[in-house]
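Asker: Model the following, please.
(one chain, ligands or ions: 7)
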Amino acid sequence: MIHSSFLLPLAVAAVAQATAPHSDFKLTLGSISSTPAARRARVRGSTASLASNTRRDASTSEPLFDYFNGTDLQWYGDITVGTPPQNFTVVFDTGSFSLEVPGTACGAACANQHQFNSSASSTFIDFQSTSTITFGTGVGVDPVIGDNWQLVVDEVADTFSVAGLSISLGEFYLITNQTPTFLPDPFDGILGLSPESGDLFSAGGYPGIFGMLFVPESEGGAGELTIGGVDTTKFNGSLLYSPQVDEGNWQLASEGIFVNGKTASILQNNLTLIFDSGTSNMLFEQSIAEAIYGMISPDIAPNTDEPGTYGIACDLVSTLPAVIDITFAGISGQDVFNLTIPSSELSSGPFATKPELCQTLINVSDGYNLVGLSLLKHYYSAWDIDNQRIGFAPNGF
Ligand SMILES: *[C@@H]1O[C@H](CO)[C@@H](O)[C@H](O)[C@H]1NC(C)=O
Ligand SMILES: *[C@@H]1O[C@H](CO)[C@@H](O)[C@H](O)[C@H]1NC(C)=O
Ligand SMILES: *[C@@H]1O[C@H](CO)[C@@H](O)[C@H](O)[C@H]1NC(C)=O
Ligand SMILES: *[C@@H]1O[C@H](CO)[C@@H](O)[C@H](O)[C@H]1NC(C)=O
Ligand SMILES: *[C@@H]1O[C@H](CO)[C@@H](O)[C@H](O)[C@H]1NC(C)=O
Ligand SMILES: *[C@@H]1O[C@H](CO)[C@@H](O)[C@H](O)[C@H]1NC(C)=O
Ligand SMILES: *[C@@H]1O[C@H](CO)[C@@H](O)[C@H](O)[C@H]1NC(C)=O
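Answerer: Ligands and ions are numbered 1, 2, ... in the order given. Coordinates of the predicted model:
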């Protein structure tokens, strides 16, 4: 397809076997505290000077900008890093738990990105620990070939701020080199908001919850991230919550998938689905992807040019109903509910190498199941770290 708009970091550190079982961006490095508990402890230690018992009453919000380039599946927003603050834009990624922004050492390789000048920050600390991150998919649908989406990073700490949330000496990663595939990005880096990021919120004095709204291009493209609460002006009715089924990742239990109101036995198994705001579309195991596609159209077939992708003749797309309902467990005492992906998400646009063929919304993954912005853009979502659950309400789009 021509232009996509997603970032799907497949965690790999310098130590190659650190690959995560799914798309999440996870650094696992021999030389630094690598377990979530150790990481939390370090964040906690470094923010101890804050009045962390002070809970704010009000939440704080900032706009999310739509990266529309043919597809409409990626949003990003502003943060600042350092003292005095330097400005950056990042993808707020529920599939990862660290911050990465380019540093001046990246030079020409990051020419389109803002680069953090650590010499200009009075609060900067350099741990001088270098590692390499290789990504499983990139921004855009250019195929992943070997290491063609890769960052070299250095572990550091400094003050950083998101909306009204300010973290004193939080740990993050400065990008010191990147493959040319990243150059066109309109955003600078990534900020992970995994279920393990609660300490960032408490260090800043906010409850552990954030709300996300992704507004499509056709509706103006102005989304919103809310820290420490949800913005009730952005949805009608109440949020329906489903409990998280994994401590480290935003994952919910699905009890079944329906395509145009029908289902199949393979789609009625319990599935664990990762919810990832850093990924554009959907990733399913092959048997599930093909069962869903089979119920939409026999003309959807793998595109062998880009393994893992499927496509259909673009002139057939508009005639095809392709409503996907996914049923989720409610929180205790509440009923199951559906989240619905409308037919308009079926095509992600034409493939660059075969412009008459349109890429369909599900890629085949290697043993995990994940939903990204094809679903999330149709809901206001509440990511409740304190209660380990995610809530949804239709956003009207
Ligand atoms: C849009 O996508 C095209 C094709 O992938 C790419 O060459 C171009 O740089 C992108 N434009 C922007 C503004 O990202
Ligand atoms: C950083 O962003 C703020 C808020 O948008 C703006 O006022 C300021 O001028 C920006 N600073 C730089 C150096 O661009
Ligand atoms: C970084 O900041 C230092 C100190 O303010 C300054 O001397 C230097 O020129 C800056 N470097 C770049 C690349 O902007
Ligand atoms: C789908 O597969 C293509 C080809 O490997 C890849 O470039 C793209 O990033 C993948 N998309 C997702 C969401 O995994
Ligand atoms: C979910 O959608 C399917 C198919 O449209 C429907 O049969 C089922 O009743 C829905 N479930 C809920 C809980 O709404
Ligand atoms: C799926 O999980 C639900 C809730 O835990 C359970 O009631 C149901 O029997 C399970 N279904 C299958 C097919 O395993
Ligand atoms: C909420 O309902 C009102 C009245 O029907 C409607 O105008 C508005 O667009 C709805 N908002 C959302 C976010 O769905």
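
Asker: okay, now the closest residue to ligand 4 within the stretch 201-350 of the chain: neighbour count?
Answerer: Relative to ligand 4, the nearest point of the stretch 201-350 of the chain is E306 (3.8 Å; CB to the nearest ligand atom). Glycine gets a C-beta too; all of them are placed from N, C-alpha and C. By other CB atoms under 10 Å, the residues close to E306 number 20.

Asker: thought it was touching F351?
Answerer: Yes: the criterion here is CB atoms under 8 Å, and E306 meets it with F351 at 7.0 Å.

Asker: Could I get the full set of helices for this protein?
Answerer: All helices of the chain, identified by DSSP state H, fall at 36-46, 198-203, 286-296, 314-317, 373-376.

Asker: low pLDDT regions in this structure?
Answerer: Low-confidence segments of the chain, defined by pLDDT under 70: 1-55, 135-145.

Asker: Next to ligand 3, which bits of it? Give me the list.
Answerer: Within the chain, the positions near ligand 3 by CB under 6 Å from any ligand atom are 104, 117, 119-120.

Asker: Between all of these, which two are separated the most?
Answerer: By the measure CB to CB, T104 and A120 form the most distant pair in those, at 9.1 Å.

Asker: need the strands for the stretch 101-250 of the chain, in chain order.
Answerer: 125-134, 150-162, 165-178, 189-192, 209-213, 222-227, 240-243 (DSSP state E, counting those that start in this stretch).

Asker: Minimum distance to ligand 6: which of the ones you listed has it?
Answerer: strand 240-243 (10.6 Å).

Asker: Could you confirm whether the closest one reaches ligand 5?
Answerer: No: Strand 240-243 is not in contact with ligand 5 by CB under 6 Å from any ligand atom; minimum separation 9.9 Å.

Asker: Tell me how far the nearest residue to Y206 once chain neighbours are set aside lies from L99.
Answerer: In space, and not counting its chain neighbours, Y206 is closest to G228: 3.1 Å by CB to CB, 6 or more residues apart in numbering. Applying CB to CB, to the nearest Å, the value for G228 to L99 is 18 Å.

Asker: neighbour count winner among those two?
Answerer: Between G228 and L99, counted using other CB under 10 Å, the more crowded position is L99 (27 against 23).

Asker: Phi and psi next, for the spatially most central residue of the chain.
Answerer: Here the mean C-alpha position of the chain is nearest to the C-alpha of G278 (CA atoms, centre = their mean), at a distance of 1.9 Å. Main-chain torsions, G278, degrees, to the nearest 10: phi -100, psi 0.

Asker: Identify the residue nearest it in space, chain neighbours excluded?
Answerer: Closest residue to G278 apart from its sequence neighbours, by CB to CB, 6+ apart: D93 at 3.3 Å.

Asker: burial measure for the one you found, as a count.
Answerer: For D93, the neighbour count with other CB under 10 Å is 27.

Asker: Bridging across strands, which residues link to it?
Answerer: With DSSP bridges as the criterion, D93 is bridged to G192.

Asker: From what I see, it and I190 are in contact.
Answerer: Yes: shown here, D93 and I190 form a contact pair, counting by CB under 8 Å, at 5.1 Å.

Asker: quick one, what contacts G261?
Answerer: By CB atoms under 8 Å, 6 or more residues apart in numbering, the residues touching G261 are 323, 325.

Asker: Next: L239.
Answerer: By CB under 8 Å, 6+ apart, the residues touching L239 are 230, 380, 382, 391-393.

Asker: quick one: it and ligand 3, what's the gap?
Answerer: 44 Å (CB to the nearest ligand atom, to the nearest Å).
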